[in-house]
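Chemist: Show me the folded form of this:
(2 chains)
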2 protein chains.
Amino acid sequence: MTKSVTTCAGLKRYLRRARRPGRTIGLVPTMGALHEGHLSLVRRSVAENDRTIVSIFVNPTQFSPGEDLARYPRPLARDLAACRRARVNVVFIPTPEEMYPQGFTTHLEVDRLSKLLCGRSRPTHFRGVTTVCTKLFGLCEPDRAYFGEKDYQQLVIIRRMVADLDMNVEIVACPEVREPDGLAMSSRNRYLTAEERREAPALYRSLVEAKRLVEEEGTTAVRDVTRAVRKLIRTAQGARIDYVSVVHPDTLEAIDVITGEAVVAVAVYLGKARLIDNMKVKARKKT
Amino acid sequence: MTKSVTTCAGLKRYLRRARRPGRTIGLVPTMGALHEGHLSLVRRSVAENDRTIVSIFVNPTQFSPGEDLARYPRPLARDLAACRRARVNVVFIPTPEEMYPQGFTTHLEVDRLSKLLCGRSRPTHFRGVTTVCTKLFGLCEPDRAYFGEKDYQQLVIIRRMVADLDMNVEIVACPEVREPDGLAMSSRNRYLTAEERREAPALYRSLVEAKRLVEEEGTTAVRDVTRAVRKLIRTAQGARIDYVSVVHPDTLEAIDVITGEAVVAVAVYLGKARLIDNMKVKARKKT
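Modeler: Numbers count the residues shown, from 1 in each chain, chains lettered A, B, ... in the order given. Coordinates of the predicted model:
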């Protein structure tokens, strides 16, 4: 049976009863509008833990003014049905007032990492993410929490936060889930018109080309890689590039020459959507 | 037997063995140079919990440049002996490198509250305090953590942080401990020369006068209270007032008229020391 809980007190009450020595709890933090990417996290948590909590909270503090907070999709009935089918134990659906009651004034930030990549165009985004995740960790005290590699920067930031503050939770990363044509699944894909949707897989193709250049052609100069990526993204009509970056997998610092592992990360505005995607690449061993 | 632990891994190892269902853990975070104020916290934790951890860490991030980080007293052998006598289970004495290893980049701040009172002259102080306490809470996962009411603003900020982020720890406040002449115990009192030490109880006398004015004379105008407090502090030769404030006990916002409970808080430079003290006052019921 899947239980819906809307208050922090209700969630804590459930957990007081549910928690037992040796019983593990998995948490999947989401903003709802669940797609196969989310569901892969949910299924993994259900498989790995005795109890799974899915939080559905469109967190206002991770949206900047002018972003899509108001029109962010909230198909709650469908989300609940999906959680029920996946045998989730608790769906936690708080209101903003429940999460941030009168007088709330605390924030948590992973300083350097939150200013790079998406942090440039969304300067307060990751502060919102880390603060809400810390609160969810405080509420649920999960053994494991599940995050998708699609939001790669978020994953790195959460890992850094957990390590820095010795939070007692294992962060489990799950691979990106893609549509048959390669487009990374995202709740924001539904902002795309049919036409834009047809153009969107250019992001994926550009990353595949980056991987080919590095791993098959042996390209090491980041400039050459990003030039090729940009060119392929521009084949998508109406695409406006926010960034194309090749970064160190842990520090997220931009690199000039690919010598080991790196992450190619892109952010692109397409119609009303801002799409992000990334792919790990690994330099060929010198022969 | 009191165990000394210097690494986070060692502390976690100890706790993995020590933690049992139903067994409670108390944490007393300190910067060492333990005096009777600290020891009252320690004794209360030992009385209330099955295991007590005292951390001794002169946390560099809560000092501003130019403050007393380098000369802050570190009488470690004496501190350890005091913990042993109090039957503390573990004294955690990490180095700054152990707490903030290469790459550490996370901070946590209680926004509004950390900018008032002491936050005006020490703008990064409370950010350092909340970040290190969150890390200590993460490491120890204590059932209770003990803080002195002498650092009243710190206590309010920690409570706010724990409530905002639903941290699963009970914050226990312990009353100020004073010398026979009223001076609040503080590790920084040892910066005072013999002469300054004789002048220092003026802080306490000024707070007692504030309490008398409010509770016996029925004074409600904050201006009248602070004028009397300032006058009494100035009787101490060499005293330089940082602030004299009357604030709401929870929001720490300055008030103009005392109608219910309020806190009179003072910070005074005396010689090489910056001394703080505070006292709760309660308006007389109107008759």
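Chemist: show me what contacts A:His35?
Modeler: A:Val177, A:Met185, A:Ser186, A:Ser187 (C-beta atoms under 8 Å, 6 or more residues apart in numbering or on different chains). Using the backbone N, CA and C atoms, a C-beta is placed for each residue, glycine as well.
Chemist: Please repeat the previous calculation with a cut-off of 6 Å.
Modeler: Shown here is A:His35, whose contacts under the criterion C-beta atoms under 6 Å, 6 or more residues apart in numbering or on different chains are A:Met185.
Chemist: Same question for A:Ala283.
Modeler: Contacts for A:Ala283 (C-beta under 6 Å, 6+ apart) come out as A:Thr220, A:Ile258, A:Thr259, A:Gly260.
Chemist: Between all of the residues you listed, which two are separated the most?
Modeler: Pairwise distances among these were taken by C-beta to C-beta; the largest, 10.5 Å, belongs to A:Thr220 and A:Gly260.
Chemist: Give the residue from those two that has the larger number of neighbours.
Modeler: Summary of the neighbour comparison: A:Thr220 and A:Gly260, criterion other C-beta atoms under 10 Å in any protein chain shown, with A:Thr220 having more neighbours (18 against 11).
Chemist: Could I get the contacting residues of the more buried one?
Modeler: By C-beta under 6 Å, 6+ apart, the residues touching A:Thr220 are A:Val257, A:Ile258, A:Ala283.
Chemist: repeat that for 10 Å
Modeler: Residues counted as contacts of A:Thr220 (C-beta atoms under 10 Å, 6 or more residues apart in numbering or on different chains) are A:Leu213, A:Val214, A:Ile255, A:Asp256, A:Val257, A:Ile258, A:Thr259, A:Ala262, A:Ala283, A:Arg284, A:Lys286.
Chemist: from these, which would you call buried?
Modeler: For the contacts of A:Thr220, a burial check counting by 16 or more other C-beta atoms under 10 Å in any protein chain shown picks out A:Leu213, A:Val214, A:Ile255, A:Ile258, A:Ala262, A:Ala283.
Chemist: Stretch A:122-139 vs chain B: in contact?
Modeler: Yes - contact of stretch A:122-139 with chain B is found when judged by C-beta under 10 Å from any C-beta of the partner chain, involving A:Thr130, A:Thr131, A:Val132, A:Thr134, A:Lys135, A:Leu136, A:Phe137, A:Gly138, A:Leu139.
Chemist: Could you export the strand or helix carrying the second one as PDB, CA atoms only?
Modeler: By that I understand A:Thr131. Assigning secondary structure by DSSP states H and E places A:Thr131 in helix A:125-140. As requested, C-alpha coordinates have been extracted for helix A:125-140 and formatted as PDB (Å, rounded to 0.1, in the frame of the first residue of the first chain):
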ATOM      1  CA  HIS A 125      19.300  27.300  -8.100                       C
ATOM      2  CA  PHE A 126      21.700  24.900  -6.400                       C
ATOM      3  CA  ARG A 127      21.400  26.700  -3.100                       C
ATOM      4  CA  GLY A 128      17.700  25.900  -3.300                       C
ATOM      5  CA  VAL A 129      18.500  22.300  -4.100                       C
ATOM      6  CA  THR A 130      21.000  21.700  -1.400                       C
ATOM      7  CA  THR A 131      18.800  23.400   1.300                       C
ATOM      8  CA  VAL A 132      15.700  21.400   0.400                       C
ATOM      9  CA  CYS A 133      17.700  18.100   0.100                       C
ATOM     10  CA  THR A 134      19.200  18.700   3.600                       C
ATOM     11  CA  LYS A 135      15.700  19.300   5.000                       C
ATOM     12  CA  LEU A 136      14.500  16.100   3.300                       C
ATOM     13  CA  PHE A 137      17.500  14.200   4.700                       C
ATOM     14  CA  GLY A 138      16.700  15.600   8.100                       C
ATOM     15  CA  LEU A 139      13.100  14.600   7.900                       C
ATOM     16  CA  CYS A 140      13.600  11.100   6.400                       C
END
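Chemist: Please point out which parts of the strand or helix carrying A:Ser245 sit buried.
Modeler: Per DSSP H and E: A:Ser245 is located in strand A:240-247. By 16+ other C-beta under 10 Å, the buried positions in strand A:240-247 come out as A:Ile241, A:Asp242, A:Tyr243, A:Val244, A:Ser245, A:Val246, A:Val247.
Chemist: Which single one of those residues is nearest to chain B?
Modeler: A:Val247 (15.0 Å; C-beta to the nearest C-beta).
Chemist: hey, what's that closest one bridged with?
Modeler: According to DSSP bridges, A:Ala254, A:Val263 are recorded as the beta-bridge partners of A:Val247.
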